[in-house]
Each structure stands twice: as C-alpha cells, then as structure tokens.
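> Turn this into a model:
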Amino acid sequence: MDAARALREIAFWLERGGAPTYRVRAFRRAAAVVDDCPDLDDRVASGRLTDLAGIGRTTAGVIEQAHRGGVPDYLLRLRSEVDVPERGRALRAALRGDCHTHSDWSDGGSPIEEMARAAADLGHEWMVLTDHSPRLTVASGLSAERLRRQLDVVAALNDRLAPFRVLTGIEVDILDDGGLDQDEDLLAELDVVVASVHSKLRMESAAMTRRMCAAVSHPRVNVLGHCTGRLLGKRPQSEFDAEAVFTACARGAVAVEVNSRPERLDPPRDLLRRAADLGCVFSIDSDAHAPGQLDWLSYGCARAEECGIPADRVVNTRTAADLVAWARR
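The predicted structure is shown next:
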C-alpha cells in the first residue's frame, strides 16, 4: 500500500484511540516527509530512511513494509484494536455527516482540508465546520473578521472537494444572559449554528434554565451543544430545568446534540430519554478536534439507539441540502 497513506491511517487510529498528540504528529510528520522524498525507492533499498529528518525506526519500518506491497504490522494491529459498539450500527450507517467539528482555526489540531478529507474517507457526504466564537479565547475563538476569512477558505475548498461539502458554521458561546457570542448578521450567513455553554457551568439552576431557553429561542440557533457540560470523572453536569429547556428546543425545532466524545457522552441517558419524550430532534456529533476523532460518532449512535431515538429524528441523516433547508426553516 502507499506508504504515506499508511502513515496517515496509523495517525488516524491513534487519534481515535486517544493516543498522545506527540505520537500522532510523528506519523503525520513522517507522511509529509514521504510525500516530498524524490528518492524513496533508493532509501528503502539501501536502508537509509532514518537519515531523513522526521523518520525514526518505527516509522521507517512502516514505510518499508508498505513500500514493498504489504500492510504494515503496526497498522494491522491498530485496525484490530478498534472498539466499535455493537449497538447503533444501523444508525451510524444512516449518518450522512457531522454537525460539530473543529479545525486549527480555533482549538482543533488539523487544517480544514485534512478534517474534510478524513470525513469523506469515513463515507460522509458533508461536515459542518464549527470553530469557536471569540469569547472563548483559550480556544482561539474566531472574531467576526477571522470567521469571514474562513468562509472564503471554505468556499474555495468546496470547489476542490465536490461533491463532498464543508458546510459553514460555528460553535457559538451562550453568554450569561442567553445571548450569542457573534454578530447577528454573520450568524445569518452560516449554514448551521451550534450553541453551547462554556462558562459559569455551576450557575444556579433557575438562571441556567433562563440562559439556555433564551439561547435556543434565538431564530439562528440550530443545535444545542453538549447541554450539561459534564466531563466524566472531572466535572459534574450543570443544573437546569430539563423539561423547560427541551420543551423550548422542541418548540423551536432546535436539535439536542448527542455529543459522542468519550469524556463527555452528553447528555446522560436520563436526559436523553426526557428530550426524546418531549418531542425533540437530535444531532449525533463527534465534536472532533482531530481527524481520528470524527469516528467517535459510533459512541453517540449506540447511546441514541439505547434511548430509543430513531433515525428519522436525527438531523444528520439528511442530505446537505435538506440539512441547510431545515436549519434555515
């Protein structure tokens, strides 16, 4: 197989498994070296791969095995270790895209094009790019000016990647009063808007309820992201009146996100069932900050199926055109 592709696939599976960033980068760096190596045949034949900056003993072994026509042992091992839940497989197969992804424009680790190509390799038809809004400075949130520049980048990228589409979006911070952290006119230009609470997560329940209800009542909000803000084993869930918030979501046709990140799995099952009982629609999202994390959708699908959520209530089973039409309802 192609050596650079093998190295990138190894990076993908390492990322999916939560490996340290330095290990993932070592394989991506080696792939870039291979891409730019004019004498790869000679170096493999003479055993001089490790003379190249960015190629170590492990990556050299992968390159040699791939270059000689085999699937590298390292890659075979990672493929065999992939954990895919038994539940939710039919729902996972029905997903056409992902409504919550990040790039290196905010706190993601990879360029937009790398994220998009990884999504296409997973069989997706589209992905929504939802980098953070300006208030989240720790995540390099996008000012209005930077977001406008990103829209131009996405437009050019879509010309190259067609028929795959990168839909324009944002993960906009829900402010303390329920307002949104981005210019109203700019929000109106985006295909999909995910709104999430990232600050004052321990706010008193009544105030948090008012805050979230105000946000999901905004006409440009399409998805309520990771609604409890919990991090398993690290941060408890926020307190709010779930019936009031999910009723507001159902009334405004705002999808409740089923966040698939292993450290979030948000909302918890009891709230997921409550949202389903109240008539909500859902978006099963990876919240990916790196290409390998795009494949975390299977965890969200397993939870959605467990809680009785059918595919026809999941908005990312729709085509890109239908999703955008729904978002602009």
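
> going forward, measure contacts between C-alpha atoms and count neighbours the same way
Will do.

> In this structure residue 34 contacts residue 5, no?
No. Residue 34 is beyond contact range of residue 5, at 9.7 Å (criterion: CA atoms under 8 Å).

> between these two, who's got more neighbours?
Ranked by neighbour count (other CA atoms under 10 Å), residue 34 and residue 5 place residue 34 first, with 22 against 16.

> And the helices in the stretch 1-150 of the chain?
Per DSSP state H, counting those that start in this stretch, the stretch 1-150 of the chain carries helices over the ranges 3-16, 21-35, 40-46, 57-67, 73-80, 89-94, 112-121, 144-161.

> and whichever helix or strand comes after the last one, what does it pack onto?
What that stands for is helix 144-161. Sequence-wise, the next helix or strand downstream of helix 144-161 (DSSP states H and E) is strand 165-173. Packing partners of strand 165-173 (3 or more CA pairs under 8 Å, 6 or more residues apart in numbering; DSSP states H and E): strand 126-129, helix 144-161, strand 192-196.

> Which one, of those, ends up nearest to residue 175?
Nearest to residue 175 among the helices and strands packed on strand 165-173 is strand 192-196 (9.1 Å), distances taken as CA to CA.

> so what strands line up beside that closest one?
The strands beside strand 192-196 in its sheet (DSSP bridges) come out as strand 165-173 (parallel), strand 223-224 (parallel).

> Give me the buried positions along that strand.
The neighbour-count check on strand 192-196 (16 or more other CA atoms under 10 Å) flags 192-196 as buried.

> Could you do stretch 187-207 as well?
Quick answer for stretch 187-207 (16+ other CA under 10 Å): 187, 190-198, 201, 207.

> Could you report the neighbour count for residue 145?
Neighbour tally, residue 145, other CA under 10 Å: 9.

> quick one: it from residue 186, how far?
Separation of residue 145 from residue 186 (CA to CA, to the nearest Å): 10 Å.

> Please parse the protein into its domains.
The chain is divided into the following domains under automatic domain parsing: 3-80, 89-327.

> List the residues that contact residue 216.
195, 222-224, 248-249, 252, 254 (CA atoms under 8 Å, 6 or more residues apart in numbering).

> and of these, the nearest to residue 294?
Of all the contacts of residue 216, residue 294 sits closest to residue 223, with 17.9 Å by CA to CA.

> Which residue or residues pair with that closest one through a beta bridge?
Taking DSSP bridges, one obtains residue 194, residue 255 as the residues bridged to residue 223.

> Could you double-check that it lies in contact with residue 254?
Yes. Counting by CA under 8 Å, residue 223 touches residue 254, with 5.3 Å between them.

> Out of the strands paired with strand 192-196, indicate the one that is most buried.
Most buried of the strands paired with strand 192-196 by mean neighbour count (mean count of other CA atoms under 10 Å) is strand 223-224; its value is a mean of 27.

> quick one: it to chain centroid distance?
Once both centres are worked out by CA atoms, centre = their mean, to the nearest Å, strand 223-224 turns out to sit 14 Å from its chain's centre.

> and if you look at stretch 243-258?
Mean-position distance between stretch 243-258 and its chain equals 21 Å (CA atoms, centre = their mean).

> With stretch 312-321 instead?
In terms of CA atoms, centre = their mean, the gap separating the centre of stretch 312-321 from the centre of its chain is 16 Å.

> now stretch 84-98
15 Å.

> cool, and stretch 206-217?
With CA atoms, centre = their mean as the basis, stretch 206-217 stands 25 Å off its chain's centre.

> Just name the most buried of the domains of the chain.
A comparison of the domains of the chain by mean neighbour count, using mean count of other CA under 10 Å, puts domain 89-327 on top with a mean of 20.

> which residues does the closest residue to residue 163 other than its chain neighbours contact?
Leaving aside its sequence neighbours, residue 163 sits nearest to residue 125 (CA to CA, 6 or more residues apart in numbering; 7.6 Å). Taking CA under 8 Å, 6+ apart, we find residue 125 in contact with 96-97, 119, 163-165, 319-320.

> what do you get if the cut-off is 10 Å, keeping everything else the same?
By CA atoms under 10 Å, 6 or more residues apart in numbering, residue 125 lies in contact with 95-98, 116, 119, 162-166, 318-320.

> Dump the residues you listed to JSON lines, plus distance to residue 59.
Converted to JSON lines, the contacts of residue 125 look like this (distance: CA to CA, whole Å):
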{"residue": "95", "distance to residue 59": "34"}
{"residue": "96", "distance to residue 59": "34"}
{"residue": "97", "distance to residue 59": "32"}
{"residue": "98", "distance to residue 59": "31"}
{"residue": "116", "distance to residue 59": "25"}
{"residue": "119", "distance to residue 59": "24"}
{"residue": "162", "distance to residue 59": "32"}
{"residue": "163", "distance to residue 59": "33"}
{"residue": "164", "distance to residue 59": "31"}
{"residue": "165", "distance to residue 59": "33"}
{"residue": "166", "distance to residue 59": "32"}
{"residue": "318", "distance to residue 59": "40"}
{"residue": "319", "distance to residue 59": "39"}
{"residue": "320", "distance to residue 59": "38"}
